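S.K.: fold the following for me, if possible:
(one chain, ligands or ions: 1)
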Amino acid sequence: MKELRDRKVELFRQTNKDRARLLISCKDQPGIVAAVSNFLYEYGANIVQSDQYSIDPEGGLFFMRIEFILPDLKRQEEKLEEAFAAIGNQFRMDWRFAYAYDIKKMAIFVSREDHCLMELLWQWQAGDLVADIAVVISNHPDLGPTVEQFGIPFYHITVTKDAKNEAEQKQLKLLEEYEIDVSVLARYMQILSPTFISSQPERIINIHHSFLPAFVGAKPYERAYERGVKIIGATSHYVTDDLDEGPIIEQDVLRVNHNHNAEDLKRLGRSVERSVLARAVAWHLEDRVLIHKSKTVVFN
Ligand SMILES: Nc1nc2c(c(=O)[nH]1)N[C@@H](CN(C=O)c1ccc(C(=O)N[C@@H](CCC(=O)O)C(=O)O)cc1)CN2
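M.R.: Sure, this is the predicted structure:
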């Protein structure tokens, strides 16, 4: 299976060696699309996907994701970005280029529940999730053997209420050592400190096992059962200091009824959690998610 994955990743790299994405947000005004598309045309690029969105009522904000092919891209990266700076300045843009061949390094944090972790590992092993899953970190030892079967390093770092900071320092050291681009909390049941979050801004993705904003925090299924809900759900969001209130990337729901107890809700919810997290992670890896204040624009 490793050979299959390696072949798929290498094929992805070859197929996408000239593919780049340009992500833009700025104050909406006439001429942006023309200026950007003309710049790419004059630079010899072929635009293969272009999405944009304007929020008028909230002060006229413009968001754009444009995907293009530019022959011999790797050699032109620096000059391309230097040349685009003039347009960025002209429209006062927040902008960045992302390159498909820069496959993101991912850390997965997990506690004891394995379903979200396994979904990511299965998709990664099949080559469907294009990431370099460099390390799995857990506050429990249970999933070590499972992870190591995939050939991925596993670190058990105990987290206690009295020594959370020490644990986080060890975690952060690993993220630095593995040069992690994105961390995924796959049912990781520890609240991260502001210090930890600020070291990875807008690069920590969580799966919360409820249809937020309902049932923020711990034990959402038990609370949903007590409330007598007819729908359960899952929400994937970026992690911020405000628990489970970060920008939402993806959500989904499932109908339930009076026949289902709390354990049934957990069982039924697991499939929703897995698919919601996998979509959210894939969109982040493909640079399809733009964040604005407490919300996202997802060009999927
Ligand atoms: N700063 C943030 N940290 C985390 C977030 C977040 O949005 N901001 N999301 C959570 C995930 N989560 C629900 O999805 C969650 C996890 C843990 C808890 C909690 O109360 N944990 C206790 C310890 C519980 C235990 O030891 O089993 C705690 O940390 O004190 C609530 C919600 C991940 N982290």
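
S.K.: what helices and strands are in contact with the host helix or strand of residue 117?
M.R.: Element membership for residue 117 (DSSP states H and E) is helix 115-125. Applying 3 or more C-beta pairs under 8 Å, 6 or more residues apart in numbering; DSSP states H and E, one finds that helix 115-125 contacts helix 2-15, strand 105-110, strand 132-138, helix 144-148, helix 262-285. Yep, even glycine has a C-beta here, placed from its N, CA and C like the rest.

S.K.: list the buried residues in the fourth one.
M.R.: Within helix 144-148, the residues that qualify as buried by neighbour count (16 or more other C-beta atoms under 10 Å) are 146-147.

S.K.: note down every partner strand of the helix or strand following it and its orientation.
M.R.: Tracing the chain past helix 144-148, the next element assigned as helix or strand by DSSP H and E is strand 154-156. Using DSSP bridges, strand 154-156 pairs in its sheet with strand 132-138 (parallel).

S.K.: restrict the partner strand to CA atoms and write it as PDB.
M.R.: Coordinates of each C-alpha in strand 132-138 appear next as PDB, following Å, rounded to 0.1, in the frame of the first residue of the first chain:
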ATOM      1  CA  ASP A 132       2.300  14.400   4.000                       C
ATOM      2  CA  ILE A 133       0.900  13.000   7.300                       C
ATOM      3  CA  ALA A 134       4.200  13.500   9.100                       C
ATOM      4  CA  VAL A 135       3.100  12.700  12.700                       C
ATOM      5  CA  VAL A 136       0.300  11.600  15.000                       C
ATOM      6  CA  ILE A 137       0.200  13.000  18.500                       C
ATOM      7  CA  SER A 138      -2.000  11.700  21.300                       C
END
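
S.K.: any idea how the chain splits into domains?
M.R.: 17-99, 201-300 (automatic domain parsing).

S.K.: which stretch among the ones you listed is buried most, on average?
M.R.: Using mean count of other C-beta atoms under 10 Å, the stretch among the domains of the chain with the greatest mean number of neighbours is domain 201-300 (a mean of 18).

S.K.: same question for that domain, mean pLDDT?
M.R.: Average pLDDT, domain 201-300: 97.

S.K.: right, is it up against the ligand?
M.R.: Yes. Shown here: domain 201-300 in contact with the ligand (C-beta under 6 Å from any ligand atom) through 206, 208, 217-218, 239, 241, 243-244, 246.

S.K.: what is the end-to-end distance of that domain?
M.R.: End-to-end distance for domain 201-300, by C-alpha to C-alpha, to the nearest Å: 22 Å.

S.K.: for it, the distance to its chain's centre please.
M.R.: Computed by C-alpha atoms, centre = their mean, to the nearest Å, the chain-centroid distance of domain 201-300 equals 13 Å.

S.K.: ditto for stretch 107-120
M.R.: When distances are taken as C-alpha atoms, centre = their mean, stretch 107-120 is centred 14 Å away from the chain's centroid.

S.K.: returning to what we had before: for the residues of domain 201-300 next to the ligand, which one is nearest residue 25?
M.R.: Proximity of the residues of domain 201-300 next to the ligand to residue 25 (C-beta to C-beta) peaks at residue 246, which lies at 17.8 Å.

S.K.: these two touch, right, that closest one and residue 240?
M.R.: Yes. Using C-beta atoms under 8 Å, residue 246 is in contact with residue 240, at 4.0 Å.

S.K.: where exactly do the strands run in this structure?
M.R.: With DSSP state E as the criterion, the chain has strands at 19-27, 46-55, 61-69, 94-99, 105-110, 132-138, 154-156, 182-185, 204-208, 231-238, 248-255, 289-292, 295-298.

S.K.: what lies in contact with the first one?
M.R.: Think strand 19-27. With C-beta atoms under 8 Å, 6 or more residues apart in numbering as the test, strand 19-27 has contacts from 32, 36, 40, 45, 48, 59-70, 73, 80, 84, 91-101, 286-287, 290, 292.
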